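Chemist: Got a sequence here, can you build the structure:
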Amino acid sequence: MPVINRIADYADDMTAWRRHLHAHPELQFECHETAAFVVERLREFGVDEIHEGIATSGVIAIINGKSAGPTIALRADMDALPMEEITGLDYASTVPGKMHACGHDGHTTMLLGAARYLAETRNFAGRVALIFQPAEEGGGGAQVMVQEGVLDRFDIKEVYALHNAPGTPVGAFYTTPGPIMAAVDTFHIHIKGEGGHGAMPHETADPIVAAVGMVNAIQTIVSRNHFAHDDLVVSVTQIHTGSADNIIPEKAYVNGTVRTFAKDTQDMVKKRLAEVVAGHAAAYNVTATLTYEEGYPATVNDPDKVTFAADVAREVSAKVDAAHQREMGAEDFAYMLEQRPGAYLFVGNGDTAGLHHPAYDFDDAAASVGASFFARLIERALPAG
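Modeler: The predicted structure follows:
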């Protein structure tokens, strides 16, 4: 079956909700206005419980079904990105330096649409926990929610989430069993040499040549230190040093990202980075300090829940790929999947600008598709009997 008819009836309302959220983006944990908007809608829908202030500005709502049963959670992220929007749309961001460039306004709208339908029909046995989460973009809001005990507090047995996918047709879904998104780590290298006149390099200990040597050597971690069939990305993304054309600086800074799926691959990268930094520091007569920060872990889907979720998606869409290649991006929903079985899926956003692009916009046609998936997942997982 396609989009649920009753949810299709909400299409104009959902578009209005989404565009309001798009025009009023908030960052990380400070999603207070977004949360207030969500709570206002949830009260209109008549959900049974609303819990606010979780992970600072998160919201969890409970809807009870027709009879007793387990609790399944559906999660949407709410936060935006610190960037300027260039779409020129009537509903473009009204907040300088903030933009919904990853579609979290759409994710929140999908979950609101599902909430309205489920509160209205209650054609399930058990409970649904609707998780509106702040701080996916770098703040680890999902981890904070887990640490605050929400999974135990609300007796959640399974967790599911959706993310929009530019470049995939609207209405199409894809996912995969096991790892679907990578772990993301960050490294910082601070190099200290001895500065001096650019015309007299022999009197200096040049941190620039040390930095360049380190960057070149870092590239060999992927090409020479890991098995080619294991996914790995090591990218240097920043080099900062120098102030003038005739001065050799005293300091340099190198920064980058590491994306892995396997713990042994991650450990290998950490070891090789330390060796590269120490070796080049000695070779170029400078001192160097490496700081390695482990970020979000890999997002790992439960194989059985992926099979189930893909079957549900096929009720909404004729285009479902349940064995899609995994991606090197990262997602803090990983923390919830570490604690509970569940699945993370992508739903098409059409031919739009990519995620985190200043011209990106969520396709409102995808909202009814995502809301229908969420609603049918609950009805299928918790049949009313």
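Chemist: now stretch 91-101: mean pLDDT?
Modeler: Averaging pLDDT along stretch 91-101 yields 98.
Chemist: where's that stretch relative to the chain centroid, distance-wise?
Modeler: 19 Å (C-alpha atoms, centre = their mean, to the nearest Å).
Chemist: tell me the strands in the stretch 151-300 of the chain, going along the chain?
Modeler: 156-165, 173-174, 178-181, 183-192, 196-197, 232-241, 247-248, 251-260, 287-294, 299-301 (DSSP state E, counting those that start in this stretch).
Chemist: starting at the chain centroid, how far to the third one?
Modeler: Using C-alpha atoms, centre = their mean, the distance from the centre of strand 178-181 to the centre of the chain it belongs to is 13 Å.
Chemist: Let me know the average pLDDT across it.
Modeler: Mean predicted confidence for strand 178-181 is 96.
Chemist: From the contact counts, what lies against that strand?
Modeler: Packing partners of strand 178-181 (3 or more C-beta pairs under 8 Å, 6 or more residues apart in numbering; DSSP states H and E): strand 299-301. Glycine gets a C-beta too; all of them are placed from N, C-alpha and C.
Chemist: Can you list the strands that the strand it packs on pairs with?
Modeler: The strands that strand 299-301 pairs with in its sheet are strand 178-181 (antiparallel) (by DSSP bridges).
Chemist: Domain-wise, how is this structure divided?
Modeler: Annotated domains of the chain cover 5-181+299-381, 183-294 [automatic domain parsing].
Chemist: Distance from the chain centre to the last one, please.
Modeler: In terms of C-alpha atoms, centre = their mean, the centre of domain 183-294 is set 27 Å apart from its chain centre.
Chemist: Ok, the longest one next?
Modeler: Between the centre of domain 5-181+299-381 and the centre of its chain there are 11 Å (C-alpha atoms, centre = their mean).
Chemist: And it, end to end?
Modeler: 20 Å (C-alpha to C-alpha, to the nearest Å).
Chemist: Would you verify that Tyr117 is located in a helix?
Modeler: Yes: using DSSP: H, G, I helix; E, B strand; the rest coil, the assignment for Tyr117 is a helix.
Chemist: Give me the neighbour count for the residue nearest to it when sequence neighbours are not counted.
Modeler: The shortest distance from Tyr117 to any non-neighbouring residue, by C-beta to C-beta, 6 or more residues apart in numbering, is to Ala375 (4.8 Å). Ala375: 28 surrounding residues under other C-beta atoms under 10 Å.
Chemist: Check which helices and strands whatever helix or strand Ala375 lives in is in contact with.
Modeler: Using DSSP states H and E, Ala375 maps to helix 365-381. Applying 3+ C-beta pairs under 8 Å, 6+ apart, we find helix 365-381 packed against helix 5-9, helix 11-23, strand 67-77, helix 104-121, strand 156-165, helix 303-316, strand 342-348.
Chemist: before we move on, the earlier item: any idea which of the strands of the stretch 151-300 of the chain gets closest to Arg224?
Modeler: Of all the strands of the stretch 151-300 of the chain, strand 232-241 sits nearest to Arg224, with 11.6 Å by C-beta to C-beta.
Chemist: Show me what that closest one is packed up against.
Modeler: Judged by 3+ C-beta pairs under 8 Å, 6+ apart, strand 232-241 is in contact with helix 207-224, strand 251-260, helix 263-283.
Chemist: right, and the ones you listed - which one's nearest Gly171?
Modeler: Nearest to Gly171 among the helices and strands packed on strand 232-241 is strand 251-260 (28.8 Å), distances taken as C-beta to C-beta.
Chemist: Show me what the closest one pairs with in its sheet, parallel or antiparallel.
Modeler: strand 183-192 (antiparallel), strand 232-241 (antiparallel).
Chemist: Give the buried residues for that strand.
Modeler: Lys251, Ala252, Val254, Asn255, Gly256, Thr257, Val258, Arg259, Thr260 (16 or more other C-beta atoms under 10 Å).
Chemist: cool, and stretch 284-303?
Modeler: Tyr284, Val286, Ala288, Leu290, Gly295, Tyr296, Pro297, Ala298, Thr299, Val300, Asn301, Asp302.
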